[in-house]
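Trainee: here is my input; please provide its structure:
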Amino acid sequence: MLWKCFGEDGNEVSEMYFLFLSHILKVFSDCIEALEAKSFSITSVFKVMTELKGKLERRLKDTFFGFAVNDKLKQLTPDLAKKCEADFLVFYERAKKYVSERYDFSENSFHSKVSTLRLTTAVSYGEYSDAVQACSLKDIDMDGLYEEYGMVEAILSSSEMEGCHSEERYLKLFSKAEVPLVNLRKVSAYIFSIPCSNAHTERVFSMMTSAWRN
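Mentor: Numbering: from 1, shown residues only. Just a heads-up that it's a prediction; the model follows:
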């Protein structure tokens, strides 16, 4: 079976499949690295996952399998090229279906609601309050939050906030505000306490395993 796959007759096609996997698996790898990054919060999960789905849909629509693969397809016989292309398209379809079945991309999902708490784009108080309510925070004074939000709007739009992660924006916000911003502090304390993945847990166990071995 191995010789059939990698032998002289099948070598050219086998290489193409590996090139395709090298191309598309990097898309998933980049997504995983983003979700497991040290500087990452629950507010950015929806954006990362939506971008992943968008990349799959765009490749499916454009029948793009990576520059090297698309170039090599032109060198194959029409029948063989058509078979390879069909396999790659099935991969995209299955990957898209797998992701869609396991993640809620709707605008009413929890991740979609809390994405407005990133404070990286313009957002209305109504959207912000919807996000806070989606978190089921009971001790937030929503009227007080409205006053706080109105006071910090100018700070959020300042140039020094550009390029900052969500947590950095909140820290700068609290350091520059002239009032305590009690409600915003409660909101930020909650959202940044939510784990985005099990990466940190795995790192801890990895370190423990290494210590046990030594």
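
Trainee: name the nearest residue to residue 130, sequence neighbours excluded.
Mentor: Nearest residue to residue 130, sequence neighbours excluded (C-beta to C-beta, 6 or more residues apart in numbering): residue 113, at 6.0 Å. Bear in mind the C-beta positions are built from the backbone N, C-alpha and C, glycine included.

Trainee: and that neighbour, what does it touch?
Mentor: Residues in contact with residue 113 (C-beta atoms under 8 Å, 6 or more residues apart in numbering) are 130, 131, 134.

Trainee: for residue 187, same thing?
Mentor: Residue 187 makes contact with 117, 132, 135, 137, 140, 145, according to C-beta under 8 Å, 6+ apart.

Trainee: now rank the residues you listed by neighbours and give me the top one.
Mentor: Ranked by the number of neighbours (other C-beta atoms under 10 Å), the contacts of residue 187 place residue 117 first, at 26 neighbours.

Trainee: can you list the weak-confidence ranges in this structure?
Mentor: 2-11, 199-214 (pLDDT under 70).

Trainee: does the residue most central in space within it count as helix, strand or coil?
Mentor: In the chain, the C-alpha nearest the mean C-alpha coordinate belongs to residue 48, at 1.9 Å (C-alpha atoms, centre = their mean). Under DSSP: H, G, I helix; E, B strand; the rest coil, the three-state class of residue 48 is helix.

Trainee: for it, which non-adjacent residue is closest in space?
Mentor: The shortest distance from residue 48 to any non-neighbouring residue, by C-beta to C-beta, 6+ apart, is to residue 34 (5.0 Å).

Trainee: burial count for the one you found?
Mentor: 18.

Trainee: not counting the one helix or strand it maps to itself, show me its contacts.
Mentor: Element membership for residue 34 (DSSP states H and E) is helix 11-35. For helix 11-35, contacts defined as C-beta under 8 Å, 6+ apart pick out 5-6, 40, 44-45, 48-49, 51-52, 55-56, 59, 65-66, 68-69, 72-73, 76, 80, 84, 87-88, 91-92, 95, 196-197, 199.

Trainee: could you redo the last one with a cut-off of 7 Å?
Mentor: Outside helix 11-35, the residues that touch it by C-beta atoms under 7 Å, 6 or more residues apart in numbering are 5-6, 40, 45, 48, 52, 55, 65-66, 68-69, 72, 80, 84, 88, 91, 196-197.

Trainee: give me the buried positions along stretch 67-74.
Mentor: Neighbour counts using 16 or more other C-beta atoms under 10 Å place 69, 70, 72, 73 of stretch 67-74 among the buried residues.

Trainee: among these, which two are most distant?
Mentor: Greatest spatial distance among the buried residues of stretch 67-74 (C-beta to C-beta): 70 and 72, at 7.5 Å.

Trainee: returning to what we had before: from the contacts of helix 11-35, list the buried ones, please.
Mentor: The neighbour-count test (16+ other C-beta under 10 Å) marks 40, 45, 48, 52, 55, 65-66, 69, 72, 84, 88, 91, 196 as buried among the contacts of helix 11-35.

Trainee: which one of those is nearest to residue 159?
Mentor: The closest of the buried ones among the contacts of helix 11-35 to residue 159 turns out to be residue 40 (C-beta to C-beta; 23.8 Å).

Trainee: can you pull the contacts of the residue nearest to the centre of the chain?
Mentor: 31, 34, 35.

Trainee: CSV for the residues you listed, including distance to residue 124?
Mentor: Putting those into CSV (distance: C-beta to C-beta, whole Å) gives the following:
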residue, distance to residue 124
31, 29
34, 27
35, 28
